[in-house]
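> Attaching a predicted model along with its sequence, questions to come.
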Amino acid sequence: MPGGRLTQQERQQIALGLADGQAYAEIARRLDRPTSTVTREVMRNGGPTAYRAEIAHRATEHRAHRRKQAAAPRGTAAAPQPHGRDAEAVRDFEEVFTAVLEASAMPRMMARVMACLTLTDTGSLTASELVQRLQVSPASVSKAITFLDTQGFIRRERDERRRERYVVDDDIWYQSMMVSARTTAQVVETARQGASVLGSGTPAGARLENVARFLDFVSENLARAADQARDILHTKPGTPSDTA
């Protein structure tokens, strides 16, 4: 299996595969690369609909140059993992998960912290633990935590040593869906106000009314689905699923 960074030709093959509707696994098989490599490459560079080989290649070169001095050496050994996990596989997946969060419009440092917390068995870490794991400054962690806390992605608690810990709850993704539904509902209300101002019989007014109807349907069903599926987030390992 070839190692090292993706070449420009490989990126062109990825772009062609995406255009043909191929899955990441199929593209990776054709390139003789791990699926995680292709997934990470695509998500870091605009996602499957916006990926462009030339732009991705230039962006990667730019990132490599910018991080050359500051980033931790990539050759360092991955931290030991519990439960017999493959440490390198876990590190690779954390990069993929971070890239997916970035593609959903979460800033990179916030995405790194969120991924790090999510992939711990306890779901909680202190600021110093995050600094050590991510090899970044305390200020970077503090800024990311403030953002995630404001958005409701984490909560804070004190442990037995009175240290502040940052926790990813089982309910985080439910709360995220509900925030999205509420935000969409605000867009619906605003669009309907616009339709009234512009006149529902005009092209612009009709367009806003249709947007409102569409988003209202989506947000209502999103909230209902989140409520119905909420218990899944609290399912413990080994518990049979009722959704099968």
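Structure received.

> use CA for all of it now, contacts and neighbours both
Noted.

> how's this structure carved up into domains?
As assigned by automatic domain parsing, the chain contains the domains 8-63, 82-167, 172-234.

> Quick one: find the helix or strand in this structure with the lowest mean pLDDT.
helix 53-67 (a mean of 73; mean pLDDT, DSSP states H and E).

> next SSE after that helix?
Moving toward the C-terminus from helix 53-67, the next helix or strand (DSSP states H and E) is helix 87-103.

> and for that next one, what are the contacting residues?
Here helix 87-103 makes contact (Cα atoms under 8 Å, 6 or more residues apart in numbering) with 36, 39-40, 43-44, 46-47, 78-81, 108, 111-112, 114-116, 119.

> give me that answer again for 6 Å
With contact meaning Cα atoms under 6 Å, 6 or more residues apart in numbering, helix 87-103 is reached by 40, 43-44, 78, 81, 108, 111-112, 115.

> Which ones among these map onto strands?
Under the assignment DSSP state E, those contribute nothing to strands.

> Separate out the buried members of those.
Using 16 or more other Cα atoms under 10 Å as the burial test, the contacts of helix 87-103 include 40, 43-44, 108, 111-112, 115 as buried.

> With distance to Pro138 added, can I get the residues you listed in JSON lines?
Below are these laid out as JSON lines (distance: Cα to Cα, whole Å):
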{"residue": "Arg40", "distance to Pro138": "26"}
{"residue": "Met43", "distance to Pro138": "27"}
{"residue": "Arg44", "distance to Pro138": "24"}
{"residue": "Arg108", "distance to Pro138": "16"}
{"residue": "Ala111", "distance to Pro138": "16"}
{"residue": "Arg112", "distance to Pro138": "14"}
{"residue": "Ala115", "distance to Pro138": "17"}
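
> what about Gln193, distance to Arg52?
Spatial separation of Gln193 from Arg52 under the definition Cα to Cα, to the nearest Å is 39 Å.

> And for Ala225?
34 Å.

> Between the two, which is the more surrounded one?
Neighbours were counted for Ala225 and for Arg52 using other Cα atoms under 10 Å; Arg52 has more, 19 against 13.

> where do the strands sit along the chain?
For the chain, strands defined by DSSP E occupy the ranges 124-126, 155-158, 164-167.
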